[in-house]
Each structure stands twice: as C-alpha cells, then as structure tokens.
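Trainee: Have a look at this prediction, sequence included:
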Amino acid sequence: MTTPTGLTTLPFSAHPIRTDRLLLRPLTENDIDDVFAYQSIPEVVEFLPWPLRNHEESREHTLERAGFTQIENDNDRLVLGVELVGADGQSGPVIGDLSVFLASGPNAQIEIGWVFHPDHQRKGYATEAARALLELAFGEIGAHRVFARLDPHNTASVALCQRLGMRQEAYFRESEIFKGAWSDLAIYAILRREWEDEI
C-alpha cells in the first residue's frame, strides 16, 4: 500500500480543454454577454449563492472570475467557461461555467461546481463538461477526492452527480440560511479509485 500524499502538482494553472462538442477555457471579457444571458435568469440562480444580476453587475463578476486561473493555496479556485463548438469547429456561445476549488492541498481534496444556461440543458453538455472536469481534477491536479455541495432540491445537479458516479455522503437538514430561508445541504463525492473504476 502506498503512502498517502497531498497534491504535488501545485501551483496548477488553467488551460483550454477540448471535448467532443465543447471547449473549456478561462473566461474572458468577450464572454460578458453570454454569461449575463444565464446570470439574469431566476431559475438559474435559484440554487446559487448569487443574486440576479444586471448587465453591469454580470460584467464585473465575469471579469473577476476571469482572473481565477490558478490554484496554489487552499480556497483558491479555477473558473472555466464552457464554450459550445460547432460541427465545423467554429466557436459558439459560452453556455455555462465550471468551478474548481482547492478545499485542501495537503489532503488532496477538490470541490467542483457548475452552472448552465437552461436553453442548453438536457443535451448532455453538462455531463460532457463535468466528466472533463473530473478528469482534470483527478488526472492533472492529482486529487484523491472530489466533492460537490448542493441543495438536494436542485434535482438537475443531483442527477448530474449521479451520472458522474458520485455518491451522496451527507444530507444536512436546514443547516444554513440561504437567501433568507433555511436550506438543506447535500454532499456528493467520488474518490480517485472510484473514478478510475467508472472509466
């Protein structure tokens, strides 16, 4: 049995990742309108710690998150825009974004999150992007465990976690006040060896 080690790949910098239909890459100023398109939809932000944003607020938020391109210390994060790529290889809109949080470098723990425009849901894009995100977390960053925290009433995210092979580790009843009301919290996670079995 090998001796456990923390992350040895830090600092880690974001880079573009191509999947069959998507390009995952750091956000840029050119993505502001696309990001605003989903940050301004009530059903999108219902389960996110964000308010509805006007265009200027979305612009500021996008530019801030465009700077999240490296993880080195605990609580650092990466943010990757999910760009739709046409069959001809031409760039399309950014239809969502993915987050990678360094929860603990010494314990090789990574938290992930996602948000997608509802017009592009139920087409397999979220699963395709999130699988690539797990591959990044386990393969390149070297995580031992990857987890997601979500409201268990967010059925789309619960289903995505299950498609990824993540298991529910915890369910906390009314554990926090979220947007003015008591909210439940679920933890879904997958270990490196479980991910390797999945693939």
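Mentor: Looks like it arrived, so ask away. Everything numeric here is computed off the predicted structure, so don't read it as measured data.
Trainee: ranges for the helices of this protein?
Mentor: Here the chain has its helices, by DSSP state H, at 32-39, 42-45, 55-66, 125-135, 155-163, 192-198.
Trainee: Tabulate the ones you listed in TSV, adding columns for distance to Ala186, mean pLDDT and mean neighbour count.
Mentor: Every C-beta, even on glycine, is put in place using the N, C-alpha and C of the backbone. Output for the helices of the chain, formatted as TSV (distance: least, C-beta to C-beta, whole Å; pLDDT from 0 to 100; neighbours: other C-beta atoms under 10 Å):
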stretch	distance to Ala186	mean pLDDT	mean neighbour count
helix 32-39	23	97	20
helix 42-45	19	94	13
helix 55-66	24	97	16
helix 125-135	16	98	20
helix 155-163	7	97	16
helix 192-198	18	93	14
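Trainee: Of those, which is nearest Arg18?
Mentor: When these are compared by C-beta to C-beta, helix 125-135 sits nearest Arg18, at 8.7 Å.
Trainee: Burial check on Ala148, number of neighbours?
Mentor: When neighbours are defined as other C-beta atoms under 10 Å, Ala148 has 22 of them.
Trainee: Show me the shaky parts of the chain.
Mentor: Residues of the chain meeting the criterion pLDDT under 70: 1-2.
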